[in-house]
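Trainee: prediction below, plus the sequence it came from.
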Amino acid sequence: MSTFAGKSKNSAPSSVLGGAVLALEACALAGAGGSAVASWGEFTQANSARRPVIVGTGGSRGGKYVSFTATSQQFMYLSNKQLNLLSGNGGTIACVVRFKTPVNQWERIFSAMTVADNKKDVISVYRYSNQTVMEYSFPAWVGVNNAIVNDAWAVYIMRYSVSNSSSYFSRNGTALSTTLKGAYPVTNVAANMGLGANVYGGNPSLAVGGNFGNIDMEAFYLWDRSLTDAECTSVYNYLSTAL
């Protein structure tokens, strides 16, 4: 498979990172290792028993990360955000994640539902069916076999281009999937991190069933446009460089 050209360890330009509509970096959290995370960027968790925990060292880049544990049913949510995702410029997600064992099914790194119908994912990234398969939607579903090496950190980048209805997925800078998929506009969403599949009732902050994730997360970015190859390379280089 092809790779994003050029893997020299240069920082991603602020014009790229600053253009993200969601930007989460564990290194920016003020708490020490062992602290529960009540808020992270625009995501929150009011229930103290459901909050993920900061781990102070050992992230992919050597620093902090946020640990979600399924047995404690840890997740975070964002109840309402305006996006222009897919309305004309496509979308891109980049994240630094470690999927842990034991494996649950349909463990979301991120999922978003329209506020009008918050029982169906329109944008999501998750570990599928007790395997190493990662699926993502923008919002047409794409499954990527052997995408995940469990218990190992990786930089995942996925994007959707409206102009040619194409999806693209890479792990650690190498393309694992390119495919053509249709999509439709998404504008007003509610979102979750670390939560299982399609478990939302009238409020996305309330889990009513399904599985929770065993996931470590160091960084998460979402853009409401399809980044260019050069921009994806810059983002990958930034997310793979030691802090």
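Mentor: That came through, no problem. Keep in mind it's a predicted model, so treat the numbers as computed, not measured.
Trainee: low-confidence bits of the protein, can you list those?
Mentor: Within the chain, the stretches with pLDDT under 70 are 1-13, 84-88, 114-122, 129-130, 138-140, 164-165, 180-190, 192-211, 243.
Trainee: show me what whichever helix in it runs longest is packed up against.
Mentor: The helix that spans the most residues within the chain, counting by DSSP state H, is helix 229-239. On a contact count with 3 or more C-beta pairs under 8 Å, 6 or more residues apart in numbering; DSSP states H and E, helix 229-239 meets helix 14-17, strand 91-99, strand 153-161. Just so you know, the C-beta spots here come from the backbone N, C-alpha and C atoms, and that holds for glycine as well.
Trainee: which of the ones you listed sits most buried?
Mentor: Among those, ranked by average contacts under mean count of other C-beta atoms under 10 Å, first place goes to strand 91-99 (a mean of 24).
Trainee: got the angle for the longest helix of the chain vs strand 91-99?
Mentor: With axes from the mean of the first three to the mean of the last three C-alpha atoms, to 10 degrees defining the directions, helix 229-239 sits at 30 degrees from strand 91-99.
Trainee: still on that earlier bit, to residue 135, which of the helices and strands packed on helix 229-239 lies closest?
Mentor: Minimum separation from residue 135 across those (C-beta to C-beta) falls at strand 153-161, 10.2 Å.
Trainee: what's the angle from the closest one to strand 91-99?
Mentor: Inter-element angle recorded for strand 153-161 and strand 91-99: 160 degrees (by the same axes, to 10 degrees).
Trainee: just how off-centre is strand 153-161 within its chain?
Mentor: 8 Å (C-alpha atoms, centre = their mean, to the nearest Å).
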